[in-house]
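S.K.: Next come a sequence and a model predicted from it.
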Amino acid sequence: MSVPVARYIYGASGGESCYVPLDWGAVVPLYFLGHRFTSKPKLVHLSPMRTLPLTLHYDFGRAIGRVIKDADQRVAFIASADQGHAHDANGPYGFDPASAQYDAWMQEVIRNGNLDELLDA
């Protein structure tokens, strides 16, 4: 398996200016988990590249799973994604019943461990 890797430098190669700000997909789950941390955790933040094929992301995720499985320390894997937003007619995206149907399907796929279904969606 070949996975593209990029060195990401944000503004500078050292010091406070080189850190990439976290997006909402990272900030929201970390906010809710933050009170549970007794010490500052090590964090690896990954974001998918929409220009790469879904199968490559899937393979990369499986590789991450193997690394976590073989780790000799506790590892938390938090997956956050931009899912259905159209749940409220008064919200910024309006209402669409397909949003709730999609979210229910996604939860079922994850709960049942049928992640291969995501490749066919």
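M.R.: Ah, there it is.
S.K.: C-alpha from now on. contacts and neighbour counts both.
M.R.: Will do.
S.K.: Out of the helices and strands in the protein, which is least certain?
M.R.: Taking mean pLDDT, DSSP states H and E as the measure, the chain has helix 24-33 as its least confident helix or strand, at a mean of 80.
S.K.: Could you point out the helix or strand that follows that one?
M.R.: Downstream of helix 24-33, the next assigned helix or strand under DSSP states H and E is helix 54-70.
S.K.: Pull out the buried residues from that following helix.
M.R.: Buried residues in helix 54-70, counted by 16 or more other Cα atoms under 10 Å: His57, Phe60.
S.K.: Check which element follows it along the chain.
M.R.: With DSSP H and E, the next secondary element past helix 54-70 is helix 97-112.
S.K.: chain center to that next one: distance?
M.R.: In terms of Cα atoms, centre = their mean, to the nearest Å, the gap separating the centre of helix 97-112 from the centre of its chain is 16 Å.
S.K.: Stretch 67-76 too?
M.R.: Taking Cα atoms, centre = their mean, one finds the center of stretch 67-76 at 17 Å from the center of the full chain.
S.K.: Quick check: buried residues in the least confident helix or strand of the chain?
M.R.: Applying 16+ other Cα under 10 Å to helix 24-33 flags Ala26 as buried.
S.K.: Ser99 is in contact with Asp88, correct?
M.R.: No: using Cα atoms under 8 Å, Asp88 is not in contact with Ser99; the gap is 9.8 Å.
S.K.: quick one: which of those two has more around it?
M.R.: Ser99 (16 against 13; other Cα atoms under 10 Å).
S.K.: Surely that one is in contact with His85?
M.R.: Yes: in this structure, Ser99 is within contact of His85 by Cα under 8 Å, at 6.6 Å.
S.K.: if I look at His85, how far off is Gly25?
M.R.: Using Cα to Cα, to the nearest Å, we find His85 at a distance of 13 Å from Gly25.
S.K.: Understood, closing this out.
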